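Enquirer: Model the structure of this input:
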Amino acid sequence: MSETKLKQKLVEIASLAKKASYRLGQIDTATKNKVLIEMSDALLKNKKEILSANNKDIALAKKKKASIAFIDRLTLNDKRISEMSDSLLQVSGLADPVGEVIKSWSRPNGLKISKVRVPIGAILIIYEARPNVTADCIGLCLKSSNCVILKGGSDSLNSNKAIFDILNNITIKNGLPKGCISLIDVTDRKAVDLILKMDELIDLVIPRGGEGLIKEVKNKSTIPVIKHYKGICHVYVDSEADLNMAHNISFNAKVQRPGVCNAMETLLVHKDVAIRFLPQMIKHLQDVGCEIRGCDLTRKIAKNFKDIKKANEKDWSTEYLDLILSINVVNSIEGAIEHINQYGSHHSDSIVTDNKAHAEKFLKEVDSACVFVNVSTRFTDGHQFGMGAEIGISTDKIHARGPMALEELTTYKYIVEGTGQIRE
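Expert: I've put the predicted structure just below:
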């Protein structure tokens, strides 16, 4: 496709979304919930079609010799499709944020002022090999009355298209405005460059994927961007930690699903418990194929273990998204906090401790979107937070931070009512 024709196609998609956004904002909650429930059922009824499309994507990824972590992110199965369906069902049961009065007040001159939630409008989601994102984003955007334009990675095109077609049929059946959900199904990389300049038609872009994708979108976009940046997440095992609990939390945070942004990438351990904690922890991790990169003291403690690589400066700020873990022994809780704030990505960090004062210090001083006490970082997730699903996890501070769900997909307007007041 020529660049001219590609641009025409993208302008048509964006224009339809912009036009539809004004109508979608008027759709009542009951209708939106009905659509979401039908979408949830449709995913289950058409599971074979989705899995067949996904198998094509997986076969192509294996042919390209993609990493195990990448293929895991790409893979759909019965359980993951059921989770996608359940997320849509949960979103249907959540309170509709649109029209909520955030606050209201009256002025001495009789003006009545209300601050009311409204949809953002037309939202562009650019994402990589995570087909479940297709359903999650459609569900959250529809419930918050936003139109969504989806641009997934070429590696998941078959899966994304299958899911989109199934869900789009439900919007058509229920008479929702044309263009309320759209999928850019071209693989030409120019498509992203072109649509990122359409700030007159698109209100917000949310990139979800690796660091390279997010930086590219940020640098090229004339549309406002909310960054869902890399997840360099930490677990800090305090001097007063329950070491059995610390072991279980650390193992889960790293191994349960290493290819996602809320997986632990660096384990911090207080020097007073390192000798007791690290040998068993490292053995368990190596038993499941996890590569360890440690500081000098970690390597000294683990001298009887093979293949403990020396961690370098770059390791502390690397999102591996794989079975690789950096370990650093620190002298104090202050040292742990300093390490996290220096090298982390302000995503998700956890302390394991029985000391309440240490827990409170960690919560106050770690500058991350989500901070945990005695909990795995894997719980940074809209579904786990009771939000039904998430559009992503923002590492920005404005306009949203952490898991983005319905409320974060709204802005607000001021409604001012009077009885003929004029300003003197």
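Enquirer: so how far is the longest helix seen in the chain off the chain centroid?
Expert: Ranked by number of residues, the top helix in the chain under DSSP state H is helix 3-24. Relative to its chain's centre, helix 3-24 lies at 25 Å (CA atoms, centre = their mean, to the nearest Å).
Enquirer: do stretch 212-220 as well
Expert: Centroid displacement of stretch 212-220 relative to its chain, using CA atoms, centre = their mean, is 16 Å.
Enquirer: Name the nearest residue to residue 159, ignoring sequence neighbours.
Expert: Nearest residue to residue 159, sequence neighbours excluded (CB to CB, 6 or more residues apart in numbering): residue 131, at 3.8 Å. For glycine as for every other residue, the C-beta is placed from the backbone atoms N, C-alpha and C.
Enquirer: That neighbour and residue 51, how far apart?
Expert: 11 Å (CB to CB, to the nearest Å).
Enquirer: Mind listing the shared neighbours of those two?
Expert: Residues touching both residue 131 and residue 51 (CB atoms under 8 Å, 6 or more residues apart in numbering) are residue 76.
Enquirer: Look at these two and report which has more neighbours.
Expert: A count of neighbours by other CB atoms under 10 Å puts residue 131 above the other of residue 131 and residue 51, at 30 against 18.
Enquirer: In contact with the more buried one, which residues are there?
Expert: With contact taken as CB under 8 Å, 6+ apart, residue 131 is in contact with 54, 57, 74, 76, 152, 156, 159, 160, 163.
Enquirer: Could I get the contacting residues of the nearest residue to the third one once chain neighbours are set aside?
Expert: This points to residue 74. Using CB to CB, 6+ apart and skipping residues adjacent in sequence, the residue nearest residue 74 is residue 129, 4.3 Å away. Going by CB under 8 Å, 6+ apart, residue 129 touches 57, 61, 70, 73, 74, 152, 153, 155, 156.
Enquirer: what's the answer for residue 116, then?
Expert: Neighbouring residues of residue 116 by CB under 8 Å, 6+ apart: 99, 100, 101, 102, 412, 413, 414, 415.
Enquirer: which one is the fourth one nearest to, not counting chain neighbours?
Expert: Closest residue in space to residue 102, ignoring its immediate chain neighbours: residue 115 at 4.4 Å, by CB to CB, 6+ apart.
Enquirer: which secondary structure element contains the one you found?
Expert: According to DSSP states H and E, residue 115 maps onto strand 112-119.
Enquirer: Give the pairing partners of that strand; include direction for each.
Expert: Here strand 112-119 is paired, per DSSP bridges, with strand 101-106 (antiparallel), strand 410-417 (antiparallel).
Enquirer: Now do the same for residue 346: helix, strand or coil?
Expert: At residue 346 the chain is in coil, as set by DSSP: H, G, I helix; E, B strand; the rest coil.
Enquirer: For burial, what's the neighbour tally of it?
Expert: Each residue near residue 346 was counted by other CB under 10 Å, and the total is 21.
Enquirer: before we move on, what about residue 424?
Expert: Residue 424: 4 neighbours (other CB under 10 Å).
Enquirer: cool, residue 373 as well?
Expert: Counted with other CB under 10 Å, the neighbours of residue 373 add up to 15.
Enquirer: The closest residue in space to it that isn't next to it in sequence and residue 340, how far apart?
Expert: Closest residue to residue 373 apart from its sequence neighbours, by CB to CB, 6+ apart: residue 359 at 4.5 Å. Using CB to CB, residue 359 is found at 14 Å from residue 340.
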